[in-house]
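J.: Sequence and predicted structure are below.
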Amino acid sequence: MRYTFEDLIAVMARLRGPDGCPWDREQTHASLASFLLEETHETLEAISRGDPEALRDELGDLLLQVVFHGQMAKEAGAFDAGDIVDGLARKLISRHPHVFGGTALGTPGEVLTQWHEIKRRESPQRGVFDGIPSSLPALARAQKIVERAARQEEEKTEPDFRLALEGVRQALDAASAEQTPSELVEELLLSVVALAQAAGVDAETTLRAACDRFLEKNELRGERS
């Protein structure tokens, strides 16, 4: 027997029902927020390890959060898991006219440009930096901000890696005695994020991998000493 998405919805409804689980029944959207964040990071960890079985389990835990929130919203008369699925399917179809419509696109870059343009048409009043969560890790948030800012430069067609690298050098050269260490590091960090953006590198993922390599290297060094 293989359970379906509908079975999962029914299980969640039972857990939240009058004869269900006391812990599940007392949860709210707010009380589950930390679990959503934790499960997201555990999923990222499984991806970084290249562990398919762990990834399957962690994605299941993420799906649980979606179903849980959907059930609570249904009880409140707001929406349900079916509405989540319907809305997502509609969004994917509308933002992929090159697949579901008559538009022809040849490269991932063209697809990304079209995606952003469709989003702009959907919400014309949306500000450049609207929708960037303040709860994002600082590095990931910085890259989102730098990416949005770069997109605003109409004359800029492709990120210039050499120009971004020069920006890092200029930040170092411009360091003055009047600058506090905090101000200097702040300027350098944003310059390095711009460098990552120009290189097509995800700064958050890259730094996470660098931390893992550093720990692995130093753990091995500790074993040898």
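T.: Structure received.
J.: Touching the helix or strand in which residue 65 is found from outside, list them.
T.: Residue 65 is part of helix 52-75 when elements are defined by DSSP states H and E. Here helix 52-75 makes contact (Cβ atoms under 8 Å, 6 or more residues apart in numbering) with 8-9, 12-13, 16, 24, 27-29, 32, 35-36, 39-40, 42-43, 45-47, 79-81, 83-84. Where you see a C-beta, it was placed from the backbone N, CA and C, and this is true even at glycine.
J.: Would you mark the buried spots in that helix?
T.: 55, 58, 64-74 (16 or more other Cβ atoms under 10 Å).
J.: Stretch 107-115 too?
T.: Buried residues in stretch 107-115, counting neighbours by 16+ other Cβ under 10 Å, are found at 111, 114.
J.: and if you look at stretch 193-202?
T.: For stretch 193-202, the neighbour count (16+ other Cβ under 10 Å) marks 193, 194, 195, 196, 197, 198 as buried.
J.: which residues in the protein form helices?
T.: Remark: helices assigned in the chain by DSSP state H are 5-16, 22-25, 33-49, 52-75, 81-94, 97-100, 108-122, 138-152, 161-173, 181-198, 203-224.
J.: Give me the buried subset of the contacts of helix 52-75.
T.: 8-9, 12-13, 16, 27, 32, 36, 39, 42-43, 46, 80-81.
J.: of the residues you listed, closest to residue 135?
T.: Taking Cβ to Cβ as the measure, residue 135 lies nearest residue 36 of those, at 10.6 Å.
J.: For that closest one, which non-adjacent residue is closest in space?
T.: In space, residue 36 comes closest to residue 65 once its chain neighbours are excluded; the distance is 4.8 Å by Cβ to Cβ, 6 or more residues apart in numbering.
J.: From residue 135, how far off is that neighbour?
T.: Distance of residue 65 to residue 135, computed by Cβ to Cβ, to the nearest Å: 15 Å.
J.: Ok, residue 117 next?
T.: Taking Cβ to Cβ as the measure, residue 117 falls 27 Å from residue 135.
J.: So these two - more neighbours on which side?
T.: Between residue 117 and residue 135, residue 117 has the larger neighbour count (other Cβ atoms under 10 Å), namely 11 against 7.
J.: For that one, report the pLDDT, please.
T.: For residue 117, the pLDDT comes out at 87.
J.: residue contacts, it?
T.: By Cβ under 8 Å, 6+ apart, no residues touch residue 117.
J.: Compute the distance between it and residue 131, please.
T.: 16 Å.
J.: can you check residue 88 too?
T.: 17 Å.
J.: Just give me the closest of the buried ones among the contacts of helix 52-75 to residue 213.
T.: Residue 213 lies nearest to residue 46 out of the buried ones among the contacts of helix 52-75, by Cβ to Cβ, at 17.9 Å.
J.: List the residues that contact the closest one.
T.: Residue 46 sits next to 54, 55, 57, 58 when contact means Cβ under 8 Å, 6+ apart.
J.: taking the residues you listed as a set, which two sit the farthest apart in space?
T.: Pairwise over the contacts of residue 46, using Cβ to Cβ, the maximum falls at 55 and 57, 7.3 Å.
J.: how close does the residue lying closest to residue 148 once chain neighbours are set aside get to residue 151?
T.: In space, not counting the residues next to it along the chain, residue 148 is nearest to residue 128; the distance is 5.3 Å by Cβ to Cβ, 6+ apart. According to Cβ to Cβ, residue 128 and residue 151 sit 8 Å apart.
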